[in-house]
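> No letters, just coordinates:
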């Protein structure tokens, strides 16, 4: 009797809804234990589901675009038997030729269309040499100025994922189909706004002390392969503010406010047109500045390489949106990452003219300043808690020891 083994979606999923994106193997393919079989995509992460055993892909039960509930059976694997022994196997030194669109991830395929670069010509840095979005971006940057990449096949316009020009009320327009990640992000944002009354408070922070400390210490940390970013200081200042106002690190329930002991800080990381993820620095209250910097470097690097796991994105109790890195001075309100109670926004760091007292005399000085905001769930927090948290946060940055 042939033994069939279920290929299941994870019981714990990070995100609002998992959707089958791509089968990386075809029915009849021989696979080894832990070979990637299928990709699931949520609003936060694209995850590869590995083979639960060595065998042959027997059947595919859920197709691309199908919603995969936790524990859902995606397909079945059968263990190889004597009948399979006579089947021809590829020569050991023969590289498999992927079918069109396989086994590349949605991000890689979209980059291929946008850049006009065949992923097969790109050296992959992912698991087992798989091409990642970061590899495609690097290949695009390596193209000579004014150069052109090979054009996509003539029938590529037939793909439903490509932008199609069409008239709209007499105007020329393009139809860009929503990716499952974009749809899930939209649903998550709408649900947050509908659930929680958002209120935003804005302060201004002087980064003079932080810049002084960073200039004095970043070379030593860089020698160990870890960059000392401003976000590391911002994260550490959040920990200090949580000690002053623990209620900000909380979750609202109809019958209680749950104040969390661990400060698990999600760092909003933009993935270009793909959307945004927030990998989590767990138990940040127990980390030094260098420990936070090392964790940041690891998480953000893997986020941009598409190598995050669901565990990297789960369990956050507070989120930082460092929107200033893309140029904005202020963003309000920043949508709270439910079920958290607050989210920090940090605007662009720039030199501004400020008034500072020196020996009792007001002086005009140029200082590196940034607007910082705290958007709260007004069910859980009030204005005095919000302002107390921001006061301690700004104080931690402005009094950073040399």
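It's in. Everything quoted here is computed from the prediction, not taken from an experiment.

> Show me the helices in this structure, by range?
All helices of the chain, identified by DSSP state H, fall at 82-85, 106-115, 133-141, 180-195, 208-222, 230-244, 289-304, 310-313, 383-398.

> any chance of these in CSV, plus mean neighbour count, distance to residue 355 and mean pLDDT?
Glycine gets a C-beta too; all of them are placed from N, C-alpha and C. Below are these laid out as CSV (neighbours: other Cβ atoms under 10 Å; distance: least, Cβ to Cβ, whole Å; pLDDT from 0 to 100):
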stretch, mean neighbour count, distance to residue 355, mean pLDDT
helix 82-85, 9, 80, 50
helix 106-115, 20, 48, 73
helix 133-141, 18, 44, 72
helix 180-195, 16, 38, 83
helix 208-222, 15, 14, 96
helix 230-244, 22, 23, 98
helix 289-304, 19, 30, 93
helix 310-313, 18, 43, 89
helix 383-398, 18, 15, 98
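
> Would you convert those helices into JSON lines that also reports distance to residue 59?
Below are the helices of the chain laid out as JSON lines (distance: least, Cβ to Cβ, whole Å):
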{"stretch": "helix 82-85", "distance to residue 59": "15"}
{"stretch": "helix 106-115", "distance to residue 59": "23"}
{"stretch": "helix 133-141", "distance to residue 59": "30"}
{"stretch": "helix 180-195", "distance to residue 59": "23"}
{"stretch": "helix 208-222", "distance to residue 59": "52"}
{"stretch": "helix 230-244", "distance to residue 59": "46"}
{"stretch": "helix 289-304", "distance to residue 59": "33"}
{"stretch": "helix 310-313", "distance to residue 59": "25"}
{"stretch": "helix 383-398", "distance to residue 59": "54"}
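
> From start to finish, how long is stretch 333-341 in a straight line?
Start-to-end span of stretch 333-341 (Cα to Cα, to the nearest Å) is 13 Å.

> Tell me which residues are up against that stretch.
Stretch 333-341 has contacts (Cβ atoms under 8 Å, 6 or more residues apart in numbering) with 188-189, 191-193, 195-196, 198-200, 247-252, 257, 266, 278, 316-319, 321, 323, 342-343, 345, 373, 375-377, 380-381.

> Please tell me how far residue 187 sits from residue 253.
Distance, residue 187 to residue 253, using Cβ to Cβ, to the nearest Å: 22 Å.

> repeat for residue 390
Residue 390 sits 25 Å away from residue 253, going by Cβ to Cβ.

> before we move on, what about residue 217?
Distance, residue 217 to residue 253, using Cβ to Cβ: 42 Å.

> ok now do residue 69, which residues does it touch?
For residue 69, the contacting residues are 9, 18, by Cβ under 8 Å, 6+ apart.

> Next one: it relative to residue 9, how far apart?
Per Cβ to Cβ, residue 69 is found 7 Å from residue 9.

> okay, and the common contacts of those two?
The contact sets of residue 69 and residue 9 overlap at residue 18 (Cβ under 8 Å, 6+ apart).

> Find the nearest non-adjacent residue to residue 221, please.
With sequence-adjacent residues excluded and distances taken as Cβ to Cβ, 6 or more residues apart in numbering, residue 221 is closest to residue 228, at 4.7 Å.
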